[in-house]
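>>> Could you look at this predicted model? Sequence included:
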Amino acid sequence: MEDQQIVFIGAGNMATAIIEGLLARGFSCSNIWASDPDSNKLKSLATRHGINTTELNTEAVKHADCLILAVKPQVLQEVLEPLQSELKSKLPLIISIAAGISLKTLEKSSAPDQAIIRCMPNTPALVQAGAAALFANAACSDSDKLTAQSILEAVGTVCWLDKEKDMDAVTALSGSGPAYFFLFIEALREAAITEGLKPELADALVKQTALGAAQLALASDVNVSELRKRVTSPGGTTEAALAQLEKDDFKAIIARAVNQAKRRSEELA
């Protein structure tokens with residue numbers, strides 16, 4: 001992958017995160033291109049990281065061995081339309097991180113036999129702690145899959161899906177999931193303040209508790225249900241809190257929220 005030219009169409013937060021992850025792993029800045037209509041974004045990337053930039057997608061794609069589509073779903077087809085001749089000429093590997101856009105739609109807007117990988121990353125990629133799910137079309141070789149995996153592993157964990165339809169559930173879980181955790185952190189912080197803690201103290205404690213719980217779950221050889229039981233002493237404070245959450249149907253609320261997110265993902269597709 002070291003000699004491949006990687007081109008980003010779109011230079012927003014996710015593209016920037018992946019670029020920074022690649023550079024941190026030693027990938028050459030001279031082999032990275034970014035295209036975006038926002039000249040300020042491009043200037044910032046070029047100044048901070050020394051990558052190649054252009055405001056013309058048609059110019060950027062000429063260099064692509066791997067083309068990463070990092071644009072909003074609603075403009076994706078508009079972006080791909082002017083690139084048809086270059087795509088047919090070069091047949092780069094395409095990685096799309098546009099949420100809700102199916103492989104079928106991407107294939108209609110690309111060259112025949114185009115190798116395309118659909119990807120659902122999430123925002124913790126901004127701190128190299130992301131979780132990305134990938135699904136490849138039939139035109140992808142093992143080498144294409146390895147390239148995509150290497151790129152996304154620069155910003156976190158990578159999982160491959162057996163079925164494309166699972167992408168909607170993944171979107172509802174890890175794609176939207178950070179927002180669920182942020183809401184819980186927000187609610188826990190506000191509850192602590194209501195109980196008398198200073199905002200700065202509540203903020204520091206809740207964030208560290210969330211981080212510590214996640215790290216413990218990752219490091220442990222037992223499942224999270226067992227970890228929960230270990231911290232729940234009979235008749236103790238944790239048991240009292242969990243009993244209230246169960247009374248308020250906490251798990252059912254989460255299940256309904258995830259289902260709504262999945263259904264919305266299906267509608268967008």
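Alright, I've got the coordinates. Numbers count the residues shown, from 1 in each chain.

>>> Next, Ala132: secondary structure please.
Using DSSP: H, G, I helix; E, B strand; the rest coil, the secondary structure recorded for Ala132 is strand.

>>> Quick check: closest non-adjacent residue to the most centrally placed residue in the chain.
When C-alpha atoms, centre = their mean is applied to the chain, the residue found nearest the centroid is Pro121 (1.6 Å). In space, and not counting its chain neighbours, Pro121 is closest to Ala132: 4.3 Å by C-beta to C-beta, 6 or more residues apart in numbering. For glycine as for every other residue, the C-beta is placed from the backbone atoms N, C-alpha and C.

>>> The one you found: how many residues sit nearby?
25 (other C-beta atoms under 10 Å).

>>> Can you tell me the SS state at Leu197?
coil.

>>> And the helices in the stretch 151-269 of the chain?
With DSSP state H, counting those that start in this stretch as the criterion, the stretch 151-269 of the chain has helices at 166-170, 177-194, 199-219, 224-230, 237-247, 250-268.

>>> Nearest to Asp36, out of the ones you listed?
Proximity of these to Asp36 was assessed by C-beta to C-beta; the nearest stretch is helix 250-268, lying at 22.9 Å.

>>> Touching that closest one from outside, list them.
Here helix 250-268 makes contact (C-beta atoms under 8 Å, 6 or more residues apart in numbering) with Pro73, Ala99, Gly100, Met167, Asp168, Ala169, Thr171, Ala172, Leu173, Gly175, Ser176, Tyr180.

>>> And that helix, how far out from the chain middle?
18 Å (C-alpha atoms, centre = their mean, to the nearest Å).

>>> Buried residues in that helix, which are they?
Neighbour counts over helix 250-268 (16 or more other C-beta atoms under 10 Å) mark Val258, Ala261, Lys262, Ser265 as buried.

>>> And the pLDDT at the closest residue to the third one other than its chain neighbours?
Nearest residue to Lys262 in three dimensions, chain neighbours excluded: Ala172, at 4.0 Å (C-beta to C-beta, 6+ apart). Ala172 carries a pLDDT score of 96 in this model.

>>> again with the one 5 residues further on
Looking at Gly177, its pLDDT stands at 98.

>>> Next: Met1.
Met1 carries a pLDDT value of 68.

>>> And for the one 5 residues further on?
With respect to pLDDT, Ile6 scores 98.

>>> Now do the same for the nearest residue to Ser109 once chain neighbours are set aside: helix, strand or coil?
In space, and not counting its chain neighbours, Ser109 is closest to Leu80: 4.2 Å by C-beta to C-beta, 6+ apart. Of the three states, Leu80 takes helix under three-state DSSP.

>>> do Pro124 as well
Here Pro124 takes the helix state, with states given by three-state DSSP.

>>> List the contacts of the residue nearest to it when sequence neighbours are not counted.
Counting by C-beta to C-beta, 6+ apart, Pro124 lies nearest to Gly130, which is 4.8 Å off, once chain neighbours are set aside. Going by C-beta under 8 Å, 6+ apart, Gly130 touches Ala17, Pro121, Asn122, Thr123, Pro124, Leu152, Val155, Gly156, Thr157.

>>> In ChimeraX, select just the buried ones from the residues you listed.
A single ChimeraX command is used to select the members of the contacts of Gly130 judged buried by 16+ other C-beta under 10 Å:
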select :17,121,122,123,124,152,155,156
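
>>> which one of the contacts of Gly130 is nearest Leu227?
Closest to Leu227 out of those is Thr157 (19.5 Å), distances taken as C-beta to C-beta.

>>> thought Ala64 was touching Ile95?
No - contact criterion C-beta atoms under 8 Å: Ala64 and Ile95 do not qualify, at 10.6 Å.

>>> State the distance from the residue nearest to Pro121 to Leu242.
Going from Ala132 to Leu242 by C-beta to C-beta, to the nearest Å gives 32 Å.

>>> So what's the gap between the helix or strand of the chain with the lowest mean pLDDT and the chain middle?
None of the helices or strands of the chain scores lower by mean pLDDT, DSSP states H and E than helix 84-90, at a mean of 90. Centroid separation for helix 84-90 versus its chain: 27 Å, with C-alpha atoms, centre = their mean.
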